[in-house]
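1. attaching a predicted model along with its sequence, questions to come.
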Amino acid sequence: MKAEIIAVGSELLTPYRMDTNSLFLTAQLNLLGIRLMRKSVVADDLELIRSAFGEALERVELVVSSGGLGPTADDLTREAVADLLGRKLIRDEAILHTIEKRFERFGRKMAEVNVRQAMVPEGATVLPNPRGTAPGLWLEAGGRILVLLPGPPVELEPMFQEEVSPRLSKRAPDVRLFTRDVRIAGMSESEAEQRVAPIYTQYAGVETTILASPGEIQLHPRIWSSDAEEAEKLLDELVQRFAMALGENVFTTTGESMEEVVARSLIFNQSTVAAAESCTGGLLAERLTSLAGSSSYFRGGVVCYGNDLKTAWVDVPAELIEAKGAVSSEVALAMAEGVRQRSGATLGLSITGIAGPGGGTPAKPVGTVHIGLADQTGARERGFRYPGDRDRIRQQASQSALDMIRRYFLYGGHNKG
């Protein structure tokens, strides 16, 4: 079965609202073995909505929409679909009663405009919405299925899982989507592609997507199959070959974030870490504490942005900053050792750099970052030159810093590599 998603709402065509519903719906449909072929966003215009549904029904067996079921004049999904299918809109007294009772529970009187939400195309199955006033609708026509869902995710997601998924599972094919999420750090997209392309191109039945984001590359091999055992075996083989080709640059084959991988390593090795940050402004500490239970491995951190605070808080000699500059390998090393000693952590981690957009020089352009890692045996440092804007540079720096911890334990907890 093939499907399309239509998101209705003019607000989704502005910079102020993002269509997150389609991501949820895509995942749910794939779990059911339904292959998504297209997503579209349509303004609150009757003819545009009608056209979008009409064209989708010519291509696929299932159309799922979100939005346009509210009480206001610009909520036009019901009207557009009814017009497309040549069906009358009929007032459903049971829906109207449910909406009235919902308003009463909140001590309010239902506005007359809410009556529009009780208008149902002939032959539609009503999908209850205990979390809002807009019921969903299930329609069938000419061997096709239309599912109309409300826009708010808190209403759409449970409605799909409780009302739509059980209905679709009875009709969905035996074919299911099987996938993996391999993540890589310390390599460019082109370098990763060069190593893995000769591998995944040998697997005709597998689709492999390579995605780049700040500080990491993701590989998503996918296969549609009715044979779960064979599909899992094939993907396991492919991922194993990826891991051999990419080596230590692979930090997960199960889609974990870098902070999850690092947290597990710190806990397993009964180690703690403290951070001293300059250009990342606390982003590293935020990522280290984003997981529950982080107090077991994160001792604390300081944002020593000013040079005087690098001296006062993590004991970087003022003369060293004067001689080498705040953005230097020497200062990164001193920051890492200073925060380790001050905190009593197993590891001290530091970041100093130029995130931009200003502050760069020919010798130290924007994107220059030095990261230090210290343990009881001493400290080491790596220098980086990151492309991109301020946010991207900061994100990449925090990712590289976390990756240094991962590689530290990969090498057996020795300050090398």
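-> All right, it came through fine. Keep in mind that what you see is a predicted model, and the values were worked out from it rather than measured.

2. going forward, measure contacts between C-alpha atoms and count neighbours the same way
-> Fine.

3. buried set for the worst-scoring helix or strand of the chain on mean pLDDT?
-> Least confident helix or strand, the chain: helix 93-105 with a mean of 87, by mean pLDDT, DSSP states H and E. Residues of helix 93-105 classed as buried by neighbour count (16 or more other Cα atoms under 10 Å): 95, 96, 98, 99, 100, 102.

4. contacting residues for the last one?
-> The reference is to residue 102. By Cα atoms under 8 Å, 6 or more residues apart in numbering, residue 102 lies in contact with residue 133.

5. ok, then the element right after the least confident helix or strand of the chain?
-> strand 119-121 (DSSP states H and E).

6. so which elements touch that following strand?
-> When contacts are defined as 3 or more Cα pairs under 8 Å, 6 or more residues apart in numbering; DSSP states H and E, strand 119-121 packs onto helix 77-85, strand 89-91.

7. a markdown table for these, including mean pLDDT?
-> Output for the helices and strands packed on strand 119-121, formatted as a markdown table (pLDDT from 0 to 100):
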| stretch | mean pLDDT |
| --- | --- |
| helix 77-85 | 97 |
| strand 89-91 | 93 |
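
8. so of the ones you listed, which one's packed in deepest?
-> Mean neighbours per residue, mean count of other Cα atoms under 10 Å, is largest over those for helix 77-85, with a mean of 20.

9. which positions in the longest helix seen in the chain come out as buried?
-> Ranked by residue count, the top helix of the chain under DSSP state H comes out as helix 390-410. Residues 390, 392-409 are the ones in helix 390-410 that count as buried (16+ other Cα under 10 Å).

10. quick revisit: how far does the least confident helix or strand of the chain sit from its chain's centre?
-> A distance of 37 Å separates the centroid of the chain from that of helix 93-105, by Cα atoms, centre = their mean, to the nearest Å.

11. with just CA atoms, put stretch 207-225 into CSV.
-> Extracted in CSV, the C-alpha atoms of stretch 207-225 (Å, rounded to 0.1, in the frame of the first residue of the first chain):
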residue,chain,number,x,y,z
GLU,A,207,18.0,1.6,-0.1
THR,A,208,20.8,3.5,1.7
THR,A,209,20.5,7.1,2.6
ILE,A,210,23.5,9.2,3.8
LEU,A,211,22.7,12.3,5.8
ALA,A,212,25.0,15.0,7.2
SER,A,213,24.4,17.1,10.3
PRO,A,214,26.9,19.2,12.4
GLY,A,215,29.5,16.8,13.8
GLU,A,216,28.1,13.6,12.5
ILE,A,217,27.1,11.5,9.4
GLN,A,218,24.1,9.2,9.4
LEU,A,219,23.7,6.1,7.3
HIS,A,220,20.1,4.7,7.0
PRO,A,221,20.0,1.4,5.1
ARG,A,222,16.3,0.3,4.6
ILE,A,223,14.6,-2.7,3.2
TRP,A,224,10.9,-3.5,2.6
SER,A,225,10.3,-7.2,3.1
